[in-house]
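In: Quick one: sequence and predicted model below, then my questions.
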Amino acid sequence: MMDAFLHAATSLENDYVKKWKSAGKKIIGYTCSYVPDEILHSVGILPYRIRGYGVGDTAIGDTYFGPFICSLPRCMLQLAGERKFAFLDGIIITPGCDSMRRLDECWRKANDDIQGILPKFHFHYGVPHKYADYTIKWFYDETVRFVNAVESHFNVRVDEEKLRNSIRLYNESRKMLEEFEALRCAEKPPFSGTEALAVIISGCAMPREEYNALLKNFLEESKALQGIKNRIRLMLVGSANDDIELVRVIEESGALVVADNLCFGARLYEDLVEEQGDPVFNLAKRYLAHNECPRRYGDYKKRLAILREKAHRARVDGVILQNIRFCDLHGAENGLFERDLEKEGIPCMRIEREYGPLVEKGRLKMRVDAFVERIRQKRREIA
Amino acid sequence: MRKELKEYKFDWMLLSCFSAASKLQNGTEKEYQQMLRYIPYFRGVVETVLSTGKPGQRFIEICAKYLDNLVNAKERGYHTAITTFCFSPIIFYAMDIMPICLEVMSVMLTFTYKRGSSDFLDFCNEVGFTETSCSSQRGSLGAYLAGIGTDIDMIVTDTPGVCDTNANAFAFAASYLNKPFFQLDMPPDLTGNRSDEYHREDYKALIAFLEEHTGKKLDLDRLRETLQEAEKQDAMIAELEELARLVPNPLPVTYNFFVYASRFLFAGMPECTRVLEAMLEVGRKNAAEGKSGISNGKEKVRSFFCYIDHYVQSLKFWQMLDEYGICYQGNILSRSWASNAPHVKEYGTYEAAYTLHTDDLDKLIGDIALLNSRMPMIKSIRGPYDAPHMWLQDTLSLAKMYKADFIVYNGTPGCRNTWGMVKLLARDTEKAGFPTYIMYADAFDERVQSWETTRDRFLEFLTVRRLI
């Protein structure tokens, strides 16, 4: 079971994607967790979260992006330039952050030089930075514009009943992931943080029906396991991370990542979509409301409360606050989290890193070792 | 932060400098020259600004007045709001709120002191803000985070959707200082009914926020008066921009800076109008005589800066342009998007412009919302750079209209929104026939690249491209 998840989490064109394409079906990639998968699912298109995983060089990314830009979109562009996303029939770019929104232009312009790397369907999906009546209205209109664009380009029709079914299916996932979250936070979690991240990422890279089936079996099997104990329990917070190796490095130091607040993590599946009423409106409301990312300026206290609650629920011994260099949104907020959580007696460690193929493994490992030792020392003192 | 920096309020220190500078020419020439010996690091600013005559004198006076208003705001019964350069201060003045523009304060620090704003830049990092964030806010934000500035009541920004690092600086400050925060959010499209409605609804929410935190209702008549003054200023800026089209350009190189700085400080207020009036007097006179605004009267080449300027200590950037006969044809900060602006008329881009209907109270809120959505950067750098009415279109049309010989990009390494696509922009402007130079300096922090290196590289570009 775990092999399937690990495979999907550590390869771009995984077996599920290959099988989907060989059946002649379409796939659309997107860059940010604000895109409602359900709409694509309802018309038989596989929604796929674009990643930067597995990059071995950044020459193409560096050609188009300036030097002071987060390495995640740079790696995504690199992979696009190397035609690693050739299986995509469309892409959706959202203004998740300034670096990511510029992937739109960089990808388009790179396509002038490396022809054929840009799928024919290309959509810029505007996402407001706050939650209010008029911002929901904007996002709803934007989602309708998206529906129209998909219908027109792919010659399909977003049927209300089918969309409701897709919402139900994705809600099923979310409910199972809530159960998964409870197991992850348990006193003796039946799986590691590395495995947990693989499970979550897989949901962005395989058909939902198969994902739900795998998840269901995984949960059943997990309940029978003895569980992992005697580890330092950590929560991972901050910039996007789709690389399970990062968590593995942390866990190699004797820690266990039992909670997170990442957009490639728990933030993906929190909250259900309402099943009654206008499905497009319900999707717009849920996707705009649920995703507590620091791009939602002014909501720091809300996000701090979420961390507190998670830290308490998962009984964490410490929090790792990481950000990719040039990700000021998470980097700055991590500074505030550190101040406020430390005040409450929750040890924190801030790390700035590059996104990529474990370019900083040694440095990371040394710092995590020291952090774990700090927590152990504190425990010894209390004992 | 150095201990001695905490001895006095930083804004009071700045006020002392600018207040003294505004009186320097009250005495005799001998007294003036004698005084310059005591301000070795500030004299470059003083001399450059005052050498422009009445406009320079008035400009220094309004800087001093702004700082005086800021330092004494609470005593005089005003509320205070930290805000940003791309937020029109008109609404604040109409509601008795003193706008504290972080970028303007950072520029003042950078100009005035030998060490610029470096202590405050670094203090931000000491308290958890990222070093990779934009120096334009950090430069003065550090002082407020350290508690050595005027007391703040609220924090307001309008850069979400346009510039993350800008918006994030204000959000961080609000959380760190535990102050009320409001963001005006900008949709990716500038024009169209959806965007207009969004701008309007968001602006109404802003007014509700300001009313809540000041305890006062917005007086529409007062807003109308402020907008009428702004309308007058737009007409004067339009005339200045029209003058800048002449060859040679009759406006001195610093005028562009005076225009935008005056607007950031006092848009809608008579102080700004007085500076513009003085500039127009000189501009009209030079134009009538067919004279260039360059000090030695020889305009050699015309530059267009597609982003911001370089605020290194003592105004060295403008001194360099003047020394080499490089005429300054404006930047992104100086353009007005009023419907009477020359470039709007030239290209018929009325859809992207704003019109103030000051005779119709019902339209005022919608008008000011539209005006605010057309502020520098907010207007041009929100959607994809090559979308209609965005950065590429603006840069090319302005460079062409003002007969620029080359284009320069200068910003800060914290500027994620432009560094994400400036290489693409430069490729397009080069294709359109404009030699384009990307400066890798930091407009506010000379430690990133020394002024000497910045100048040498700039001149090297001009030499290699045979522009000088």
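Out: Arrived safely.

In: Only C-alpha atoms from now on, for both contacts and neighbour counts.
Out: Will do.

In: So residue B:223 versus residue B:216, what's the distance?
Out: 13 Å (C-alpha to C-alpha, to the nearest Å).

In: same thing with residue B:292?
Out: With C-alpha to C-alpha as the criterion, residue B:292 and residue B:216 are 49 Å apart.

In: just to revisit the earlier point, more neighbours: residue B:223 and residue B:216, which one.
Out: residue B:223 (23 against 12; other C-alpha atoms under 10 Å in any protein chain shown).

In: So for the single nearest residue of the stretch 251-383 of chain A relative to chain B, what's the pLDDT?
Out: Per C-alpha to the nearest C-alpha, residue A:335 is where the stretch 251-383 of chain A lies closest to chain B, at 4.0 Å. Per-residue pLDDT puts residue A:335 at 98.

In: Is it in contact with residue B:124, as I believe?
Out: No. Shown here, residue A:335 and residue B:124 do not form a contact pair, counting by C-alpha atoms under 8 Å, at 10.3 Å.

In: Which one's more surrounded, the two?
Out: Shown here are residue A:335 and residue B:124; by other C-alpha under 10 Å, residue B:124 has more neighbours (28 against 22).

In: quick one: contacts for the residue lying closest to that one once chain neighbours are set aside?
Out: Distances taken as C-alpha to C-alpha, 6 or more residues apart in numbering or on different chains put residue B:142 closest to residue B:124, at 4.9 Å, once the chain neighbours are dropped. With contacts defined as C-alpha atoms under 8 Å, 6 or more residues apart in numbering or on different chains, the neighbours of residue B:142 are B:119-124.

In: so which strand or helix has residue 19?
Out: Answering for chain A, as no chain was given. Per DSSP states H and E: residue A:19 is located in helix A:15-22.

In: Switch to chain B, please.
Out: Assigned by DSSP H and E, residue B:19 falls in helix B:10-23.

In: and chain A, which of its residues are near chain B?
Out: Residues of chain A lying close to chain B by C-alpha under 8 Å from any C-alpha of the partner chain are A:64-69, A:95, A:97-99, A:102-106, A:109, A:126-130, A:134-135, A:138, A:295, A:297-298, A:300-301, A:325-326, A:328-329, A:331-336.

In: Let's see which of those residues end up in helices.
Out: A:64, A:98-99, A:103-106, A:109, A:134-135, A:138, A:300-301, A:328-329, A:331-336 (DSSP state H).

In: separation between residue A:149 and residue A:28?
Out: Per C-alpha to C-alpha, residue A:149 is found 13 Å from residue A:28.

In: Of these two, give the one with the bigger neighbour count.
Out: Shown here are residue A:149 and residue A:28; by other C-alpha under 10 Å, residue A:28 has more neighbours (22 against 15).

In: show me the residues around the nearest residue to the more buried one once chain neighbours are set aside that make contact.
Out: Counting by C-alpha to C-alpha, 6+ apart, residue A:90 is the residue found nearest to residue A:28 once chain neighbours are left out, at 4.5 Å. Listed by C-alpha under 8 Å, 6+ apart, the contact partners of residue A:90 are A:27-29, A:118-123.

In: which non-adjacent residue is nearest the residue of the stretch 101-250 of chain A found nearest chain B?
Out: The nearest approach of the stretch 101-250 of chain A to chain B comes at residue A:102, 5.4 Å away (C-alpha to the nearest C-alpha). Ranked by C-alpha to C-alpha, 6+ apart and with sequence neighbours excluded, the top spatial neighbour of residue A:102 is residue B:420, at 5.4 Å.

In: thinking that neighbour is in contact with residue A:98, fair?
Out: Yes. Counting by C-alpha under 8 Å, residue B:420 does reach residue A:98; the two are 7.4 Å apart.

In: from what I can see the residue of the stretch 101-250 of chain A closest to chain B touches residue B:422, true?
Out: No. Taking C-alpha under 8 Å as the definition, residue A:102 is not a contact partner of residue B:422, at 10.1 Å.

In: These two: who's more crowded?
Out: A count of neighbours by other C-alpha under 10 Å puts residue A:102 above the other of residue A:102 and residue B:422, at 28 against 20.

In: Which residues are in contact with the more buried one?
Out: Counted by C-alpha under 8 Å, 6+ apart, residue A:102 has contacts B:384, B:417, B:420-421.

In: Including secondary structure, pLDDT and neighbour count, could the residues you listed go into JSON lines?
Out: Shown next, in JSON lines, are the contacts of residue A:102 (DSSP: H, G, I helix; E, B strand; the rest coil; pLDDT from 0 to 100; neighbours: other C-alpha atoms under 10 Å in any protein chain shown):
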{"residue": "B:384", "secondary structure": "coil", "pLDDT": "95", "neighbour count": "22"}
{"residue": "B:417", "secondary structure": "helix", "pLDDT": "94", "neighbour count": "25"}
{"residue": "B:420", "secondary structure": "coil", "pLDDT": "97", "neighbour count": "28"}
{"residue": "B:421", "secondary structure": "coil", "pLDDT": "97", "neighbour count": "25"}
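
In: which among those residues gets closest to residue B:430?
Out: For the contacts of residue A:102, the residue nearest residue B:430 by C-alpha to C-alpha is residue B:421; the value is 14.3 Å.

In: doesn't residue B:80 fall inside a helix?
Out: No. Counting by DSSP: H, G, I helix; E, B strand; the rest coil, residue B:80 is not found in a helix; it is strand.

In: So it sits against residue B:98, correct?
Out: Yes. Using C-alpha under 8 Å, residue B:80 is in contact with residue B:98, at 4.7 Å.

In: Mind listing the shared neighbours of these two?
Out: Applying C-alpha under 8 Å, 6+ apart, one finds that residue B:80 and residue B:98 are jointly contacted by B:70, B:73.

In: So which of the two has more stuff around it?
Out: residue B:98 (26 against 22).

In: Based on its surroundings, how many neighbours for residue B:25?
Out: A count of nearby residues for residue B:25, using other C-alpha under 10 Å, gives 15.

In: so what's it up against?
Out: Taking C-alpha under 8 Å, 6+ apart, we find residue B:25 in contact with residue B:32.

In: Look up how far residue B:60 lies from it.
Out: Between residue B:25 and residue B:60 the computed distance is 11 Å (C-alpha to C-alpha).

In: Residue A:249 now?
Out: According to C-alpha to C-alpha, residue A:249 stands 57 Å off from residue B:60.

In: Neighbour count: these two, which is higher?
Out: Taking other C-alpha under 10 Å, residue A:249 and residue B:60 do not tie; residue B:60 has more neighbours (24 against 20).

In: ranges for the strands of chain B?
Out: For chain B, the strands defined by DSSP state E occupy B:79-83, B:97-101, B:154-157, B:181-183, B:301-305, B:326-328, B:406-409, B:436-438.
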